[in-house]
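Asks: Show me the folded form of this:
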Amino acid sequence: MARYTGPKCRLCRREGTKLFLKGVRCESEKCGLTRRQSAPGVHGTAHRRKASDFGIQLREKQKVKRIYGVLERQFRKYFDAASKKSGVTGEFLLVTLERRLDNAVYRSNLAVSRAQARKYITEKKIMVNGKTVSIPSFSVKKGDKISSDYAKVQSEKELPVWITAKAKDFEILGLPVREDIKEDIQEQLIVEFYSR
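Replies: You can find the predicted model right below:
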């Protein structure tokens, strides 16, 4: 299986923004982006050129892929499915990514990062509606209940409006909308990138 196994802070430095790939470490002073502002590599910022329109669009696409931990082929499938729906393609893309089970587990504070949420899911520690689900890309829908006997609430971050806590499990109240997604994402650049 192809996946990135290198340093996660390097990805944040490459994108020039915090992607919160390492959970608590990204919020501390040990974060790689706060320690070194330059891009990774030997030359750093010495030979940095002005980015072209293509380069800006590419960086935005890469940033979203890295935030959600999705590889190129799967991301392209999400985009193709979003472009077939009538409405705003970029918003449909982000809503589809937010509905992934690994993201829902992360948003419900059962994991400190999406990578940890993905690990819990593949180790069969997460249940949806009382059934064990081992697929991180499983799409949650309205009324689903996410629970776990192993994973405990990791942080006290505020839950998004589309997830509510009920006793030991979390319920999906509805589909997320664009206003619920707090990350600094310009989805129009991704649409322009794939529409070339």
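Asks: now the strands: where do they sit in this protein?
Replies: Here the chain has its strands, by DSSP state E, at 127-128, 131-132, 145-147, 163-166, 169-172.
Asks: Output these as TSV; include the columns mean pLDDT, distance to Tyr4 and mean neighbour count.
Replies: (C-beta placed from N, C-alpha, C; glycine too.) Shown next, in TSV, are the strands of the chain (pLDDT from 0 to 100; distance: least, CB to CB, whole Å; neighbours: other CB atoms under 10 Å):
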stretch	mean pLDDT	distance to Tyr4	mean neighbour count
strand 127-128	94	27	18
strand 131-132	94	27	8
strand 145-147	91	26	19
strand 163-166	86	27	14
strand 169-172	90	28	20
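Asks: so which of these gets nearest Phe138?
Replies: The closest of the strands of the chain to Phe138 is strand 127-128. By CB to CB, the value is 7.0 Å.
Asks: and the closest one, what other elements does it pack with?
Replies: strand 145-147 (3 or more CB pairs under 8 Å, 6 or more residues apart in numbering; DSSP states H and E).
Asks: neighbouring strands for the strand it packs on, and are they parallel or not?
Replies: Under the criterion DSSP bridges, strand 145-147 sits next to strand 127-128 (antiparallel), strand 169-172 (antiparallel) in its sheet.
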